[in-house]
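> Show me how the following folds:
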Amino acid sequence: MKEDILTASEVIIQGHNGVKKGKSEIRMQENIGYVLPNSSDVMYVKEVKPTSIIPNDKNVIFTDDEDYGAIVENQFTSPKSEPLSTFSIDVDNASYTNVRRFINQGQTVPKDAVRVEEMVNFFKYNYEKPTGNHPFAIATEYGDCPWNEKHKLVKIGLQGKEIPTNELPNSNFVFLIDVSGSMNSQNKLPLLKESMKVLVNQLRKNDKVAIVVYAGAAGMVLPPTSGDEKETIIKALDKLSAGGSTAGGAGIELAYKMATENFIKGGNNRVILATDGDFNVGASSNKDMETLIEEKRKSGVFLTCLGFGMGNYKDSKMEILANKGNGNYAYIDNIQEANRFLGKEFKGSMFAIAKDVKIQIEFNPKHVQSYRLIGYENRKLRPEDFKNDAIDAGELGSGHTVTALYEIIPTGVESSFNQDIADLKYSEIKTAPKDYSDELATIKFRYKKPDGEKSIEMVETIKNNVLLLDKTSEDFKFSAAVAWFGLKLRDSKLVTNKSSKDIKALALQGKSKDEDGYRSEFIRLVEAVN
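Purely as a prediction, here's the structure:
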């Protein structure tokens, strides 16, 4: 093929923006790759060099090779038909940094790349610190909903206890690093190496690190090494190079074997997987990976997934691994994000203070006509899962905050989003007794200690005291603005107002405490999306 540009008579480009047809000149600005002929009539274009030609009179399909799990948005539910809403907490924030990457590159954000709860939980909120025996404190707030007039919003916040650095347990880390051929680009293995060095700089003398790599096969490149031998660890990282296929399953097996053999009782035992998520040899299907990681979870070893790269990024696999492996998940789009997640928030990212944290809320039908959980679609649980200690849920790190939002349609409010339920013949619909008339909802939490197997329960009530939006806290306003933006990016059918101007105005009211500039950065992202 010649290295110049020709015009295709009819081009079908299928990617994040859907399918486009028409006479078009194929001109890719950044992707460098190859053209794969599939038949005499169709050419499937994986990646196209800026100067590669597509012959005239050919149909061309550009397949964007990033992979996101489908999300079906939570709908409004009546507390009369479903009195309980149950879900696992989610401390991940990979979706936010991935969304940021798309917007900063001027690309349309794929809808299924947007997990609203991960966008909200990227930001830290000023909740009261725990003072009792429980590892986290609970804060709730009830105010007006900014995107649907007459609707309300409940904010539930958890604030994890912060462990002083000198009291952190010793760590047994295994770095599991993807060095397959798909990692051979500047925003993958080179960025990965620099990111892991940020983490290495946090290590202490009694911490230990082993490095396992995988490509066509898995192998150990550094045996367990003391955290004060930073030069040795960094040299091992610097020697890594990319090439070969991706034996992800074998890598996970070996990494957990190393972590288990060097297990520290009462310590922080964790595999840190760094990859673009493209597992394509051995246990590669999402179901295979889920089964494998659920089995490994029983070892007591936690999992952190670090995602890198673009073009063939497999977000769906990374999310499954983190969700099922007692873990968390971050997408590293630049060295600043590595410094944030692996440096500044090292304790929250790497040291769990509670695991299998579940939330169950019961709404009072006297005040709540319908409700819906904003985000957390992939974290929903059945009501009976709440007390079942065999059911996995999310972990909470040292000093971490977690936020969840419920949108409420109060009783007596007409709304086109209401889901009418049929009159029941055999069971009477009961409303709450009068002595509960001041309560909007009862909220329960269950969690286990990091090394525990039996869950502990906490119970709180939320009063039916609604605040005007301008009377709510800055954290209420800002978290609502972030959720609103996420719903806009998902093109939610349950949002009446999608004005970027209004989202920005609300975010500005909640940004005064912004030492690191993350809230200001968010506002710039809102400005960039019409």
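
> Where do the helices of the stretch 101-250 of the chain begin and end?
For the stretch 101-250 of the chain, the helices defined by DSSP state H, counting those that start in this stretch occupy 116-120, 189-200, 230-238, 248-261.

> Out of those, which is closest to residue 209?
Residue 209 sits nearest to helix 230-238 of all the helices of the stretch 101-250 of the chain, at 5.7 Å, using C-beta to C-beta. No exception for glycine: its C-beta is placed from N, CA and C like everyone else's.

> Can I get the closest one in CSV, CA atoms only?
This file holds the C-alpha atoms of helix 230-238, laid out as CSV (Å, rounded to 0.1, in the frame of the first residue of the first chain):
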residue,chain,number,x,y,z
LYS,A,230,14.3,1.3,46.2
GLU,A,231,17.2,1.4,43.7
THR,A,232,17.0,-2.4,43.2
ILE,A,233,13.2,-2.2,42.7
ILE,A,234,13.5,0.7,40.3
LYS,A,235,16.2,-1.0,38.2
ALA,A,236,14.0,-4.0,37.8
LEU,A,237,11.2,-1.7,36.6
ASP,A,238,13.5,0.1,34.2
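
> can I get the CA coordinates of the lengthiest strand in the chain in PDB?
Ranked by residue count under DSSP state E, the longest strand found in the chain is strand 352-363. The C-alpha coordinates for strand 352-363 follow below in PDB (Å, rounded to 0.1, in the frame of the first residue of the first chain):
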ATOM      1  CA  ALA A 352      -8.200  -1.200  53.600                       C
ATOM      2  CA  ILE A 353      -9.900  -0.400  56.900                       C
ATOM      3  CA  ALA A 354     -13.200  -2.300  56.000                       C
ATOM      4  CA  LYS A 355     -14.200  -4.700  53.400                       C
ATOM      5  CA  ASP A 356     -17.500  -6.000  52.000                       C
ATOM      6  CA  VAL A 357     -19.200  -2.700  52.800                       C
ATOM      7  CA  LYS A 358     -22.900  -2.800  51.900                       C
ATOM      8  CA  ILE A 359     -25.700  -0.200  52.100                       C
ATOM      9  CA  GLN A 360     -29.400  -0.900  52.400                       C
ATOM     10  CA  ILE A 361     -32.000   1.900  52.500                       C
ATOM     11  CA  GLU A 362     -35.700   1.600  53.300                       C
ATOM     12  CA  PHE A 363     -37.800   4.600  52.100                       C
END
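
> quick one: low-confidence ranges for the stretch 251-400 of the chain?
Scanning the stretch 251-400 of the chain for pLDDT under 70 picks out 279-286.

> Endpoint to endpoint, stretch 205-216 covers what distance?
End-to-end span of stretch 205-216 (C-alpha to C-alpha, to the nearest Å): 33 Å.

> so where's the stretch 401-530 of the chain uncertain?
In the stretch 401-530 of the chain (pLDDT under 70), the answer is 427-435.

> Tell me where it has helices.
For the stretch 401-530 of the chain, helices defined by DSSP H, counting those that start in this stretch occupy the ranges 474-489, 500-509, 518-528.

> any idea which of these is most buried?
Most buried of these by mean neighbour count (mean count of other C-beta atoms under 10 Å) is helix 474-489; its value is a mean of 24.

> what angle sits between that one and helix 518-528?
Inter-element angle recorded for helix 474-489 and helix 518-528: 30 degrees (by axes from the mean of the first three to the mean of the last three C-alpha atoms, to 10 degrees).

> Show me what helix 474-489 is packed up against.
Packed against helix 474-489, as judged by 3 or more C-beta pairs under 8 Å, 6 or more residues apart in numbering; DSSP states H and E, are the following elements: helix 116-120, strand 152-160, strand 401-410, helix 500-509, helix 518-528.

> Make a markdown table from the helices of the stretch 401-530 of the chain and add distance to residue 274 to it.
Shown next, in a markdown table, are the helices of the stretch 401-530 of the chain (distance: least, C-beta to C-beta, whole Å):
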| stretch | distance to residue 274 |
| --- | --- |
| helix 474-489 | 26 |
| helix 500-509 | 32 |
| helix 518-528 | 23 |
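
> Count the residues that sit near the residue nearest to residue 276 when sequence neighbours are not counted.
Excluding the flanking residues, the one nearest residue 276 by C-beta to C-beta, 6 or more residues apart in numbering is residue 309, at 4.1 Å. Residues within reach of residue 309, counting by other C-beta atoms under 10 Å, total 27.

> and residue 309, helix, strand or coil?
coil (DSSP: H, G, I helix; E, B strand; the rest coil).
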